[in-house]
Structures are given as C-alpha cells and as structure tokens.
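A.B. asks: Sequence first, then the predicted structure, then my questions.
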Amino acid sequence: MNITVIYNPTAGGGRERRLRHFVRALEEGGGKVRLYHTRAPGDATRYLRGLADQGEVVVAAGGDGTTNDVINGLNPGVALALFPIGTANVLSRELSIPRRPEAAAKVVLDGRTLNVTPARLNGRRFMVMAGIGYDAWVVDQVDLILKRRVGKLAYVISMIRQLFRYGQVQYRITVDGRPLDCFSAVITNGRYYGGSFVLSREAGLAKRSLQVLMFQRPGLGFLLRCLAALVVGRMERVDGVASLSAEKVTVTAPGLEPVQADGDPVGWLPAEIELEPAPVKLRVPWA
Ligand SMILES: Nc1ncnc2c1ncn2[C@@H]1O[C@H](COP(=O)(O)OP(=O)(O)OP(=O)(O)O)[C@@H](O)[C@H]1O
C-alpha cells in the first residue's frame, strides 16, 4: 500500500520520536511510505496539490489544523488517515483513533472506512467545525508561542481574555434559508469541542448534516452558564442556546469579525458554509 504521511513538526510541540515509531510500524506492516515535513501553515495543501499520485492513503500526522490543510489538498478517491499528535485532536477523539504509534499505524493499514462529509467555508474545506463570535475571537487571539509551551492552557487564557467581547456584536445567521440572530455560533460536523467536551448530542461525523449551535442571549452570565454546560456535555439544554440541523448556513455582521475553522483562523465574515456533495473516506478502527 502506498502511503503519504504529512507531518507537522510544530503540532503538539513536535513529536519526532513518535513519528519515527509510526513510520517504522507502517513499513513493517507492508506500507510503502513517502514522508513530508511541512514548513509552514498551508504547506501540506500546496504539497499535496502538486502530487499527481498521492498513494492510496494520506495520513495527517498532527492535530486538527494539519488535517484541515491535508483535506484541502486531498485528491478525490484517496483515503484519509490520522496520526493524532496535535494539541486537542478533536477529530481523532470522536473517531477513537489510537494515539500509540503502532496502534495508529494498524488503523492506517487494516482499519475500516467511514464516510465523513466535509463542509466548505468560503470555498475552503473544514472537517470538524467552524465558529463565529466569541469562539472565533478566542482562536484568533490565542498566543501561539504560549501554545507551544503550555498546549491547551493557552486557549483557556484566551477564553478568559476574550470574555469581554461576548454580546457586543449581533450576527445575522441564515440556516437553510431561515434568518436568525445570535451573539455567537458554532457550526459543527462532529460532537466534540476543545478535546473531549461534548458540544452537541445531535451532531455526529457519520451523519450527512451540520449542526448549528446559536447563542441567542447576550451577557457574561449567560456565556459562563454555557461554558459550564459544555464541561458537563449539556450545551443544548441551556435556555437561549438553539441547535438546528442544516446543510447550508450564511453569517454576516457589521464590522471586521473573524471566523475559525478546525481550530485555526480562516478569515473574516461574511461566511458561506455548505456541506459538500461527496464524503471523504476516513480510516477508522474496527468497532
Ligand atoms: N512547519 C510549520 N510551521 C508552522 N506552522 C505549521 C507548520 N506546518 C503546519 N503548520 C500549521 O500549524 C497549525 C497548527 O497545527 P495543528 O492544529 O495540527 O496542531 P495543534 O494546534 O497542536 O493541534 P489541534 O488543532 O488538534 O489542537 C496549523 O494551522 C497548520 O497549518
């Protein structure tokens, strides 16, 4: 089996030793491996687009941002696999991809295929989620140098620093043609957020739909209630949080407002988000 491994040396602070074990396990299992170290954000997309033959599987060795770069360069029909060595690895968690190099390599070589439909945000693919409002400001303002040193804690610090922003801007969000207002929104393909917190019990990567969570009340008290509900996996029970299934979403706002996708900043509003017509084949463990 021809396998292209895309390794982000900055993901999770760098995991060279684990990568070597992973590649060795792939080769011992009969894989013919082509390994590429990324050099900058977006480099994986450029590299893959330049490959006429990507092999049967492309492995994203990194976190959700690396996977995002990979799916944006993946040729149709080529399978996607994950070696979760990033900070949060939200996609891998939902799919139960093992973190141990040998076990992760086994999934690449012998796993089953799960069809997961990505979405497009202003023409760029995302797999897990997109966010506007508070969530996007937290991602936009996270201290990347601190993130390399302390991992997820850098997001907690950014969350605290951005609390003041919540409720200041009202967004117009159109969900499958239905116009609504909110003070923040997360448009998610998967169930999890920020690691292993359940964001939506209605969402699931195997479902062909997006779940739109809208935060419709202003105020710090409401935001803190939502964050507490996230910790216990009860976000959709909070009065003032609306959750709708959708295929197409547009968001607008006055002023310059960031958008995040798969945990990285991807530009500014307005945003047009739509589920793609065809799924990506993901290698996942047998039950
Ligand atoms: N060589 C590189 N130097 C700097 N940044 C890179 C490089 N290669 C990729 N990137 C970027 O690094 C960012 C972070 O990668 P990634 O999200 O995979 O890791 P992480 O943030 O540790 O994990 P997670 O998103 O799961 O929390 C991505 O936006 C990606 O585009």
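C.D. replies: Everything's here; your move. Numbering: from 1, shown residues only.
A.B. asks: show me where the protein has helices.
C.D. replies: With helices called from DSSP state H, the chain shows them at 16-28, 43-49, 64-71, 90-95, 101-110, 134-141, 144-150, 153-161, 220-231.
A.B. asks: Can you give the distance of the third one from its chain's centre?
C.D. replies: Right, the one you point to is helix 64-71. 8 Å (CA atoms, centre = their mean, to the nearest Å).
A.B. asks: Quick one: mean pLDDT for that helix?
C.D. replies: Mean pLDDT, helix 64-71: 96.
A.B. asks: do the same with the fourth one
C.D. replies: In this model, helix 90-95 carries a mean pLDDT of 95.
A.B. asks: quick one: which of the helices of the chain is nearest Glu274?
C.D. replies: Among the helices of the chain, the nearest to Glu274 by CB to CB is helix 64-71 (15.2 Å). From N, CA and C alone the C-beta is placed, and that goes for glycine too.
A.B. asks: Which secondary structure elements does the closest one sit against?
C.D. replies: Judged by 3 or more CB pairs under 8 Å, 6 or more residues apart in numbering; DSSP states H and E, the packing partners of helix 64-71 are strand 2-7, helix 43-49, strand 57-62, strand 79-84, helix 90-95, strand 124-126, strand 264-268.
A.B. asks: so which of the ones you listed comes closest to Leu153?
C.D. replies: helix 90-95 (16.7 Å).
A.B. asks: How about the residues of the protein by the ligand?
C.D. replies: 8-12, 38-43, 62-66, 69, 86-89, 263-264 (CB under 6 Å from any ligand atom).
A.B. asks: go with 8 Å
C.D. replies: 8-13, 37-44, 60, 62-69, 84-91, 147, 151-152, 262-264 (CB under 8 Å from any ligand atom).
A.B. asks: List the residues that contact whichever residue of the stretch 101-250 of the chain sits closest to the ligand.
C.D. replies: Residue of the stretch 101-250 of the chain nearest the ligand, by CB to the nearest ligand atom: Lys147 (6.8 Å). Contacts for Lys147 were tallied using CB atoms under 8 Å, 6 or more residues apart in numbering; they are Thr87, Ala154, Tyr155.
A.B. asks: In a markdown table, list these along with pLDDT.
C.D. replies: Shown next, in a markdown table, are the contacts of Lys147 (pLDDT from 0 to 100):
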| residue | pLDDT |
| --- | --- |
| Thr87 | 85 |
| Ala154 | 93 |
| Tyr155 | 93 |
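A.B. asks: can I get the residues you listed in JSON lines with neighbour count?
C.D. replies: Shown next, in JSON lines, are those (neighbours: other CB atoms under 10 Å):
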{"residue": "Thr87", "neighbour count": "24"}
{"residue": "Ala154", "neighbour count": "18"}
{"residue": "Tyr155", "neighbour count": "21"}
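A.B. asks: out of these, who's nearest Leu74?
C.D. replies: For those, the nearest to Leu74 is Thr87 (22.2 Å; CB to CB).
A.B. asks: That closest one contacts Leu153, correct?
C.D. replies: No: Thr87 lies out of contact with Leu153 (CB atoms under 8 Å); the separation is 9.9 Å.
A.B. asks: Highest mean neighbour count out of the helices of the chain?
C.D. replies: helix 64-71 (a mean of 27; mean count of other CB atoms under 10 Å).
A.B. asks: which outside residues touch it?
C.D. replies: 6, 8, 11, 38, 41-45, 48, 58, 60, 80, 82, 86, 88-91, 118, 125-128, 261-264, 280.
A.B. asks: Recalculate using a threshold of 7 Å.
C.D. replies: 6, 8, 11, 42, 44-45, 48, 58, 60, 80, 82, 86, 88-91, 118, 125-128, 261-264, 280 (CB atoms under 7 Å, 6 or more residues apart in numbering).
A.B. asks: Same check on stretch 166-184?
C.D. replies: Contacts with stretch 166-184, where a contact means CB under 7 Å, 6+ apart, come from 132-135, 185, 212, 214-216, 218-220, 223, 244, 246-253, 255, 257.
A.B. asks: Can you turn the buried part of the residues you listed into a ChimeraX selection?
C.D. replies: With 16 or more other CB atoms under 10 Å as the burial test, the buried ones among these are selected in ChimeraX as follows:
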select :132,133,134,135,185,212,214,215,216,218,223,244,246,249,250,251,253,257
